[in-house]
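In: the following comprises the amino acid sequence and a computationally predicted model.
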Amino acid sequence: MMKNFRKTIHVKSTGIRPTFHMITDQVQNIVNESSISEGLCVVYSHHTTCSVMVQECSFDKTYTGLEYLQQDLCNILENIIPTCRVEGQYLHPGPQLTEFSLQHGEDKPRTLNTDAHLRSSLIGRSESIVIAQGKLDLGSFGHIYFIDFDQTCARERTIQVQIIGE
Amino acid sequence: MMKNFRKTIHVKSTGIRPTFHMITDQVQNIVNESSISEGLCVVYSHHTTCSVMVQECSFDKTYTGLEYLQQDLCNILENIIPTCRVEGQYLHPGPQLTEFSLQHGEDKPRTLNTDAHLRSSLIGRSESIVIAQGKLDLGSFGHIYFIDFDQTCARERTIQVQIIGE
Amino acid sequence: MMKNFRKTIHVKSTGIRPTFHMITDQVQNIVNESSISEGLCVVYSHHTTCSVMVQECSFDKTYTGLEYLQQDLCNILENIIPTCRVEGQYLHPGPQLTEFSLQHGEDKPRTLNTDAHLRSSLIGRSESIVIAQGKLDLGSFGHIYFIDFDQTCARERTIQVQIIGE
C-alpha cells in the first residue's frame, strides 16, 4: 500500500567557507524507519542558500577539510559566481530586503551572501532518489551531501526527507 | 489515503528580457484545493526554454522591474550563456529544426532563443517542494518563480502543478 | 488507486566525447506498461558522471553526431568546466579514492573524469516529468536525454524510471 513519510535532519554549518554535510546514513535510516522499500526519496533544502547533491565521496581532503571533488566544485563556482567580498559586487541585498529581514527575526544586518543564493539555484534545492528493495539507489560511490553555500556565519540548517512509495 | 492532484497555471511573458513570474500564492491555492496536507508538490515547466526556481524574494527592483537577485542571476547567466545576438553565435537552430518548427504550428521563422534553452537546462525544469501540515515548506523568505528565459517574444506559458500525498 | 512502478533502462556510451541518449520512447513505453495515467515520472541516473535532461530535439547534427543544441551545451560546459586533459587540472581524483576504486571492482587505474562529475552536478541527476492522460508532458519538441559526460571510456549505463500515480 502506498505511503507517505517525512522526517527532518538538522546540521550545523561552520561558516567561513561552504560546508558540505554527508547525510547518506541519516537519510538511509529514515528510509528504514519508513518501511517503504519501493519508491522515491526527495531530500529537500529548507533554505535558499543551500543545495542537495548526490556525488561521489572522494576521500582525499584539502587543507581546510573539503574532499577533493568538493574543492573542485567550489573552485568552478568561484569562477562563475564569485564569493561576495565587496559591496556593489552584486545588486542584492537592497534596502527593502534588509528591512524585511530585520522585521522577520534576523538578528543582525543582512549579510552579503548573494553568491550563496545564486549557487543554490544553479546546483539545485533538492535531489529525488530512487528507493529499490529498501535501499537508496546510490551505487558504490554515491553519497548524499547537503551543501550550505552561505560562508558568512555558522548556523543550524534544516533538511527535509520526504518518502513516497510502498 | 494517498492521492494524486494536478492543476495548470497560465502566465503571460513579456519578451525583451527574461520574465520572472512569482507563482507562490497560485501554487499554495492548488495545494489547498487538493486537500493534501502531507506530501510532495512538483512545479513543472511545460516548456524547454523556461525554469522553475525557489528563491528569496529580494523586494528591491531594478529599472526594468527585475528583483535585485533576479538581475544578479541574469548577469551571471549572461557571462556563461550569453544572450544570442548574432547568427553563428550558437549552432542551434539549424535548417532541419526550422522546417520542423514551421510544420508544427510555429507561425514564423524559428527565433534565435538558444540561450534560453541552455539556461533552462542549467537552472532546471522543475522544483520538488515538501508539503507539511498543508503548507509548502518555503521558509519566511522563499518564493516559487517560473522563469521564461526566452527574450525573443511575448507569449503565454503553461506550468503544471502535480501534487502527491495524503 | 495510487501505484508505484519502476523499470530500468540500459544504454551503451561511446566515450571520447559526451554521449547523449534519446530515451523518450523507452520511458513512454514504461509509462504505458505501468498503466499509470496521472502522476509523476522520475528519470534517474544511477551514475555520478551522468545527467538526465529534458530538451528540444534540434535534428541538425554536427560532424561528430551531436545535435546542434547538444553541441552548444557541450561548448558552454567546456568554458565553465573544462575537460580534464592534464593531471593537476583538478584536485580529484586523489590517492585514497584511487585505492578505494581498485578495491571496489574498477578494473583499471582511476580515470581522469572529474569534469564529468562536476557537469553532472550542474545539470542534475534526474528529471521529474508530469504524466497527464497517460502521456509524458513534453510538448511537441521535448525529448528525454540521458547524458553520459564521462569521455574517458565506452561503457554500459543504468537509468531508473520511477513512476508514482494512479
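Out: Yep, it's here.
In: chain A against chain B: which residues are in contact?
Out: Near chain B, the residues belonging to chain A are A:2-4, A:6, A:42, A:44, A:46-48, A:80-81, A:90-97, A:100-101, A:104-105, A:114, A:117-118, A:120-122, A:124-126, A:128, A:160, A:162, A:164 when assessed by C-beta under 8 Å from any C-beta of the partner chain. The C-beta positions use only the backbone N, C-alpha and C, and glycine is treated the same way.
In: quick one, which of the residues you listed are buried?
Out: A:2-4, A:6, A:42, A:44, A:46-48, A:80-81, A:90-94, A:97, A:100-101, A:114, A:117-118, A:120-122, A:124-126, A:128, A:160, A:162, A:164 (16 or more other C-beta atoms under 10 Å in any protein chain shown).
In: alpha carbons only: can I get the lowest-mean-pLDDT helix or strand in chain A in PDB?
Out: In chain A, the helix or strand scored least confidently by mean pLDDT, DSSP states H and E is helix A:95-103, which has a mean of 87. Coordinates of each C-alpha in helix A:95-103 appear next as PDB, following Å, rounded to 0.1, in the frame of the first residue of the first chain:
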ATOM      1  CA  PRO A  95      17.500  48.300   1.500                       C
ATOM      2  CA  GLN A  96      13.900  46.900   1.300                       C
ATOM      3  CA  LEU A  97      15.100  43.300   1.800                       C
ATOM      4  CA  THR A  98      17.400  44.400   4.700                       C
ATOM      5  CA  GLU A  99      14.300  46.000   6.400                       C
ATOM      6  CA  PHE A 100      12.200  42.900   5.700                       C
ATOM      7  CA  SER A 101      14.900  40.700   7.200                       C
ATOM      8  CA  LEU A 102      15.200  42.700  10.400                       C
ATOM      9  CA  GLN A 103      11.400  42.600  10.800                       C
END
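In: in chain A, what residue lies closest to chain B?
Out: Nearest residue of chain A to chain B, counting by C-beta to the nearest C-beta: A:Gly94, 2.9 Å away.
In: mind listing what the nearest residue to A:Gly139 once chain neighbours are set aside touches?
Out: The shortest distance from A:Gly139 to any non-neighbouring residue, by C-beta to C-beta, 6 or more residues apart in numbering or on different chains, is to C:His46 (5.7 Å). Each residue near C:His46 by C-beta atoms under 8 Å, 6 or more residues apart in numbering or on different chains is listed here: A:Asp137, A:Gly139, C:Arg157, C:Thr158, C:Ile159, C:Gln160.
In: rerun at 10 Å
Out: Applying C-beta atoms under 10 Å, 6 or more residues apart in numbering or on different chains, we find C:His46 in contact with A:Val130, A:Ala132, A:Asp137, A:Leu138, A:Gly139, A:Gly142, C:Thr8, C:Arg125, C:Arg157, C:Thr158, C:Ile159, C:Gln160.
In: same check on A:Cys57?
Out: A:Cys57 touches A:22, A:24, A:67, A:69-70, A:141-143, A:145, C:48, C:96-97, C:100, counting by C-beta under 10 Å, 6+ apart.
In: which of those residues fall in strands?
Out: Among those, the residues falling in strands (DSSP state E) are A:Met22, A:Gly142, A:His143, A:Tyr145.
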